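In: Would you be able to build a 3D model of this:
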Amino acid sequence: MTVIATIEALEAIYGAPNESSTVKEADWITPQYRDLIEASPFVALATAGPEGLDCSPRGDDGQVVRIEDERTVLMPDRRGNNRCDSLRNIVRDPRVALLFLIPGSGNTLRINGRAEISVAPDLLASFAVKGQAPRSVVVITVETVFFQCARAIVRSKLWNAERHVDPANLPTAGQILEERSEARVDGAAYDAEWPERAAKTLW
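Out: All right, here's what the predicted structure looks like:
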């Protein structure tokens, strides 16, 4: 196997990026980038910590982050499994990366920056849904923001309903848990109970 081990070797293969790949980058949220962010209900949050890297899906009913100002976005930490992988990392290493998806759009949006975790009562209350406030809010200072072209979405046919996978052909969460726990978790019961449990703990 031939491994690329230097930047020079990498650039010899790929060359220099063209202007459209570099001029799109900004260090603040431009009006057009604001439009893309506000249209996105889903983002992947990448973080780093002593144990390694993590990438966590985040979604909301409407825009997934709130734009506080041209260099700040706010992300409520909605209820989940309490692993807190992303939050543990942010406490120790503030560097984060965001990848926004917009249903039906080929273009995605990327933000790189630094984050901190706020538990200010007024801020938490401002994100309450159905009377349930998040336990924390991730405050992200934007360092770079730019759109990613549609090639990956076009290649994957991500939004093409005809290409959607039938969930019946995939292992369920309960089946995975039962296998990984050596049957200490009742997979069938987990799957049967999950929809009601999720509905009650969505926010």
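In: This protein: strands as residue ranges?
Out: Assigned by DSSP state E, the chain shows strands spanning 42-49, 52-59, 66-69, 72-76, 95-101, 108-118, 137-148.
In: now these in a markdown table, with distance to G131, mean pLDDT and mean neighbour count?
Out: C-beta coordinates here come from the backbone N, C-alpha and C atoms, glycine included. Below are these laid out as a markdown table (distance: least, CB to CB, whole Å; pLDDT from 0 to 100; neighbours: other CB atoms under 10 Å):
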| stretch | distance to G131 | mean pLDDT | mean neighbour count |
| --- | --- | --- | --- |
| strand 42-49 | 24 | 98 | 19 |
| strand 52-59 | 20 | 97 | 13 |
| strand 66-69 | 19 | 98 | 14 |
| strand 72-76 | 14 | 98 | 20 |
| strand 95-101 | 28 | 98 | 21 |
| strand 108-118 | 20 | 98 | 18 |
| strand 137-148 | 17 | 98 | 19 |
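In: Compare these and report which one is nearest to L177.
Out: Among the strands of the chain, strand 52-59 comes nearest to L177, with 18.4 Å by CB to CB.
In: Redo the strands of the chain as JSON lines? Include distance to R184.
Out: Shown next, in JSON lines, are these (distance: least, CB to CB, whole Å):
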{"stretch": "strand 42-49", "distance to R184": "28"}
{"stretch": "strand 52-59", "distance to R184": "25"}
{"stretch": "strand 66-69", "distance to R184": "40"}
{"stretch": "strand 72-76", "distance to R184": "33"}
{"stretch": "strand 95-101", "distance to R184": "35"}
{"stretch": "strand 108-118", "distance to R184": "33"}
{"stretch": "strand 137-148", "distance to R184": "33"}
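In: how about those, which one is nearest Q175?
Out: When the strands of the chain are compared by CB to CB, strand 52-59 sits nearest Q175, at 20.3 Å.
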